[in-house]
Structure formats: structure tokens, C-alpha cells
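1. Provided below are the primary sequence and the corresponding predicted coordinates.
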Amino acid sequence: MNSVRTRKTHAKGRIPKKMAEPLDEGPAGMRKGRYTKAEVELIKERYPELVEEGLNDTEIARRIGKELRRSVDSVDHKLRRMSEDGGIERNSNRRDTKKYTEHEIKVIKQRYLEFFGKGMGYTGLAKRIADELKRKNSSVKRKIQEMRKAGKIGEGANPQERKKFTEKEIELTKKGYSELVKKGLNDYQIARKISVELGRKIGSVHSRIKRMQEKGEIKENPNEEGKKFTDEEVELIKRMYVELVKQGLNDSEIARKIGKKLGRSVNSVDSKIKRLRKNGEIEENPNKAWKGFSDEEIKLTKRRYAELVEKGLSYREIARRIGKELGRSFESILKRMRELRKDREIGENSKKVNRRKYCGEEIESIRRRYNELKEQGLNDNEIARRIGNELGRSVNSIGDKIKKLRRDRRIGKNPNKEKRYSDAEIELIKRRCHELVKKGLNNKQIAKEIGEEIGRNTGSVKEKIRRMKMDGEFVDIEIIREREDILGVVQALEDFGEEE
């Protein structure tokens, strides 16, 4: 799409020449193509100024990229080429690329051999070593991979990470697959069912099923074939799309509305809308899901940030205040503030979120109480709640700490899991869902009603209903409501009134 854009002024307030030319735009309005003479001159002018401020090349590329409306990678590559050609001097402010010392490499080797025997995965291993060396997890993980490729450590992938399927598991998978295909389940739903029986991850079982299909060990699943859109459905999509665009809805919201009407998934309708647009059968949707920040909004954010920092508010409180003023989400403002802070356009906030570190006494108290409460038959959530009340900490904080202690082998596993749903409870949920949907109740209200009957909390029942719908055990409640005949609803309400 070609459009005319006027450029923002940069720090000095001057507008470079040819900044109002038609731009060849890429994603999110970013400019593509060769750099103009005006852009090169601006880079030459701004680069030494930003070097003096102490910025490295990545930070400079981010700052100049915003002024030129180009991506960080594009500007970064341009800076490198200009540096090689002598157009600009090399930056003395280097990126943070601290080399590993001999001592650090020795520590990595020792810890790798120590934890390799315990079967710890690479992510957990890298985190453990990174905490010890005070480096980033990604940096340590990359170093481990480099050392493994060079043959300095290990003989291959950790055998605990990729446990091979036994012959018994393969036979169970084949048998379960053939039975579940007859019930109309697709590959993902089948993998979900079999993974519970085998005690494996869904992705692992799903990959195994795909490989078995490729080798011809099992037949292709006929339930995987997508249902084609009929001519009537396509016409309805076109008509509803035009109406909903006028109402200001974006593509995701439109797909959700049409999906409910047709009894199809959101992804299916969204893909169809994209194909129709590509074929020129429907127009572009001007209502985008993501709205960029205007210059006025950024100025207001900077001004209000400085004012609220002086009042002693934390980052989250500031983001919440500014979000209300601009009519934007809390997450959107928080993300924008982080970007401004990285570019040094706003300063640091002295008031951080109060995150108390666990002292040695607290950790020992958690370990002791965990073992005591585990013997009493409490699961992890109940233990976290009990210890949280004793130590004056949140349930999530204690829960995370328990998981970390378990990863570090400082506490054992908890055999007391949350109570599974019995067959009787599942049958009751199916029956009550179809009864309560006729009364006009939504998912949350239905989950609350059923939860009171079987003595479970609303969130647990709601999650169970969602999983049952994914497994194809009954149709989505919203689809049932769409398809329900109005006379049937009236009759159901009358019957319900007579029973009372």
C-alpha cells in the first residue's frame, strides 16, 4: 500500500528533506527499500550524538529506527555497512558480550556432569548455572549447546528429556487410536486422551501419531479433513462481515461472531475471511486489533509518568492511572513505558514493586511445613495457602517457591494430587449442561450451579467443561444455544416452572 506520511521531527527539531515522499510500507507502517540520501545524512548526524550519550549500536538503532520509521534490524545492518565503508566511526560503547572465563567454563562442565545424572532438563540446568554465575539463562543455554557441539561436554541429548516409546506404549497408542477414530475424534483430541493413559505430554503423543501415519502403521484420520464452507455459508460470511465492520469490530471479533452463528471455530472463520480478502471478494478491515500510540499519547504518557513518579507511585499504579486517562489497557501502557525506559526517554522509578526475597529461615520453614502438611494429605495449592497465611505471603509466591525447591531437589514430590472427576460426575456434568443451557445460563453460571451440586469450585468445573468440549464429548454450549429452537426453549421453561 502506498500512502503519504509526514515525518516526525527528530531531537534537533529539523525535518530532513524528502521526508514527505510516498513510502513503500511494510508491516505496522515500517518503511522498506533503499535508504535515501536524506536518511543517510540523518544517520551520520545523529550517530555521533548518540554515541556521546553512551548508547551502544543496538540502542542507537532503536532510537534512529523510530525517527525514520524503520525496523531496528534494518538500521542496525545499515550502521554496520556504514562503519565498514568508513561512513561513520566505530562505536566505542560495545554491546554486553562478556566472554566466558576459564573458571566459568569449568563450573559449567562440573555442573553439567553433576546434574546430567539426575536427569535435569537443559532449561532447568541452564537456570541453575546462570544463578551461580550471575548470567542470563539464554546466554548459559547457548554456551552449553556450543560446548556440546564442540564435544567438550555430553554425548548427545539428555536421555531423560526424550524418553523413547516402548513397544507396549506403541501398541497401546495404535489400539487407542483406532478406537477413538471411530468416535469421531481428531488427532489432537486422540493424543490428549492417550497422553493421560501413558503419562506423556500431548505433543509427544501427537508427534508419534503423525510419524506412525507417515510410515503407514496406522491409517490417516478421516476426522482431520476440514469441513468445506457451503455457498450459503460464504454468502452469510460476506454479508455479516460488511455489517460488523461498520459496527467497528476487528477481524478476531468478527470471526468469533460469525463462528457462533455457523457453529464453526474462530480459527476456521478467520482463515476463510483472509482467503476471501486475498481473492478480492471482501474489502480490507480498517478496524485493527492493535492501535499504535500517537505522538500526543506518547507526550501525555511521558508527562504523566514524571508527575506520578514524584507522587511515589509504582510502575503498575502509574500504568493503571495513565491507561484510564487514555482509554487503553493496563498491559499496553506498561509495555509502552518499558520501551520508553529502554530508549532513555523516561527515567527509572525509585519505587519498585515490593518483592521480598526469601531468607534462609523462611525457606527452612517452608520445607518443614511442606513435609508436615504433605503427610496430612494436602495438595500443593492447599499447602501454599496454609503456609502463605503463616508467613504473610501470597499463595502464588509460596506456590512458585515450592516448585523451585522441588526442581532443585530440596523437597520431594507431593503424592496428594487434586481429586480427579469420577465417571458419575462427568455424566452429571453432561446432563446438567444440556438442562441449564435451556434456562439461558452462560458458561460461568452453569459451572457455578454444577459446582454447588458436586462440591467443587466454579473454576475447576468450568475448566472441566472446556476440556470436555475440546475432547468432543459434547457440543459447545454457545452453539447449542444458537441452534436451539425457540419453541423448545419456551417448553423447557414451562416444564421447569411446573416442577417448581
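-> Perfect, I can see it now.
2. residue 446: neighbour count?
-> Per other Cβ atoms under 10 Å, the neighbour tally for residue 446 reads 23. Quick note: C-beta positions are derived from backbone N, CA and C, even for glycine.
3. quick one: contacts for it?
-> By Cβ atoms under 8 Å, 6 or more residues apart in numbering, residue 446 lies in contact with 432-433, 436-437, 465, 477.
4. domain ranges for this structure?
-> Using automatic domain parsing, the domain parsing of the chain gives 2-85, 102-149, 167-222, 231-278, 295-342, 360-407, 423-499.
5. okay if I get the ones you listed as CSV plus distance to residue 287 and mean pLDDT?
-> Below are these laid out as CSV (distance: least, Cβ to Cβ, whole Å; pLDDT from 0 to 100):
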stretch, distance to residue 287, mean pLDDT
domain 2-85, 16, 72
domain 102-149, 37, 79
domain 167-222, 31, 86
domain 231-278, 5, 87
domain 295-342, 15, 87
domain 360-407, 36, 87
domain 423-499, 23, 69
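6. any idea how far the one helix or strand residue 180 maps to is from the middle of the chain?
-> Assigned by DSSP states H and E, residue 180 belongs to helix 167-182. Centroid separation between helix 167-182 and its chain, computed with Cα atoms, centre = their mean, to the nearest Å, is 32 Å.
7. after that helix, next one along is what?
-> Once helix 167-182 ends, the next helix or strand along the chain (criterion: DSSP H and E) is helix 187-198.
8. rewinding a little: just the closest of the contacts of residue 446 to residue 278, please.
-> Nearest to residue 278 among these is residue 477, at 33.2 Å by Cβ to Cβ.
9. thinking again about what came up before, could you export the contacts of residue 446 as a markdown table, including neighbour count and secondary structure?
-> A markdown table is the format used below for these (neighbours: other Cβ atoms under 10 Å; DSSP: H, G, I helix; E, B strand; the rest coil):
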| residue | neighbour count | secondary structure |
| --- | --- | --- |
| 432 | 16 | helix |
| 433 | 23 | helix |
| 436 | 18 | helix |
| 437 | 22 | helix |
| 465 | 21 | helix |
| 477 | 18 | helix |
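10. so which of those residues is the closest to residue 412?
-> Closest to residue 412, out of all of these and judged by Cβ to Cβ, is residue 465, at 33.4 Å.
11. surely the closest one and residue 426 touch.
-> No: distance between residue 465 and residue 426: 10.3 Å, which falls outside the contact criterion (Cβ atoms under 8 Å).
12. got the CA positions of the helix or strand harbouring residue 366 in PDB?
-> Per DSSP H and E: residue 366 is located in helix 360-375. What follows is helix 360-375, C-alpha atoms only, in PDB (Å, rounded to 0.1, in the frame of the first residue of the first chain):
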ATOM      1  CA  GLY A 360      17.100 -18.800  55.000                       C
ATOM      2  CA  GLU A 361      14.700 -19.100  57.900                       C
ATOM      3  CA  GLU A 362      11.600 -18.800  55.700                       C
ATOM      4  CA  ILE A 363      13.000 -21.400  53.300                       C
ATOM      5  CA  GLU A 364      13.600 -23.900  56.100                       C
ATOM      6  CA  SER A 365      10.100 -23.100  57.500                       C
ATOM      7  CA  ILE A 366       8.600 -23.800  54.000                       C
ATOM      8  CA  ARG A 367      10.500 -27.200  53.700                       C
ATOM      9  CA  ARG A 368       9.500 -28.300  57.200                       C
ATOM     10  CA  ARG A 369       5.800 -27.300  56.900                       C
ATOM     11  CA  TYR A 370       5.600 -28.700  53.400                       C
ATOM     12  CA  ASN A 371       6.600 -32.200  54.600                       C
ATOM     13  CA  GLU A 372       4.200 -32.000  57.600                       C
ATOM     14  CA  LEU A 373       1.200 -30.900  55.500                       C
ATOM     15  CA  LYS A 374       2.000 -33.400  52.800                       C
ATOM     16  CA  GLU A 375       1.700 -36.200  55.300                       C
END
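13. which neighbouring elements make contact with it?
-> helix 380-391, helix 395-407 (3 or more Cβ pairs under 8 Å, 6 or more residues apart in numbering; DSSP states H and E).
14. buried residues in the first one?
-> The neighbour-count check on helix 380-391 (16 or more other Cβ atoms under 10 Å) flags 380, 383-384, 386-388, 391 as buried.
15. got those residues as TSV, with distance to residue 215 columns?
-> Output for the buried residues of helix 380-391, formatted as TSV (distance: Cβ to Cβ, whole Å):
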residue	distance to residue 215
380	40
383	46
384	45
386	51
387	50
388	51
391	54
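16. nearest to residue 298, of those?
-> Proximity of the buried residues of helix 380-391 to residue 298 (Cβ to Cβ) peaks at residue 388, which lies at 39.8 Å.
17. hang on, that closest one packs against residue 400?
-> No: contact criterion Cβ under 8 Å: residue 388 and residue 400 do not qualify, at 11.2 Å.
18. how about the CA coordinates for the strand or helix carrying residue 66, as PDB?
-> Assessed by DSSP H and E, residue 66 sits inside helix 57-68. Below are the C-alpha coordinates for helix 57-68, written out as PDB (Å, rounded to 0.1, in the frame of the first residue of the first chain):
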ATOM      1  CA  ASP A  57      24.700   0.200  18.500                       C
ATOM      2  CA  THR A  58      21.500  -1.700  19.300                       C
ATOM      3  CA  GLU A  59      20.200   1.200  21.400                       C
ATOM      4  CA  ILE A  60      21.200   3.700  18.700                       C
ATOM      5  CA  ALA A  61      19.400   1.600  16.000                       C
ATOM      6  CA  ARG A  62      16.300   1.500  18.100                       C
ATOM      7  CA  ARG A  63      16.400   5.300  18.600                       C
ATOM      8  CA  ILE A  64      17.100   6.200  14.900                       C
ATOM      9  CA  GLY A  65      14.600   3.500  13.700                       C
ATOM     10  CA  LYS A  66      11.800   5.300  15.500                       C
ATOM     11  CA  GLU A  67      12.800   8.600  13.800                       C
ATOM     12  CA  LEU A  68      13.000   7.100  10.300                       C
END
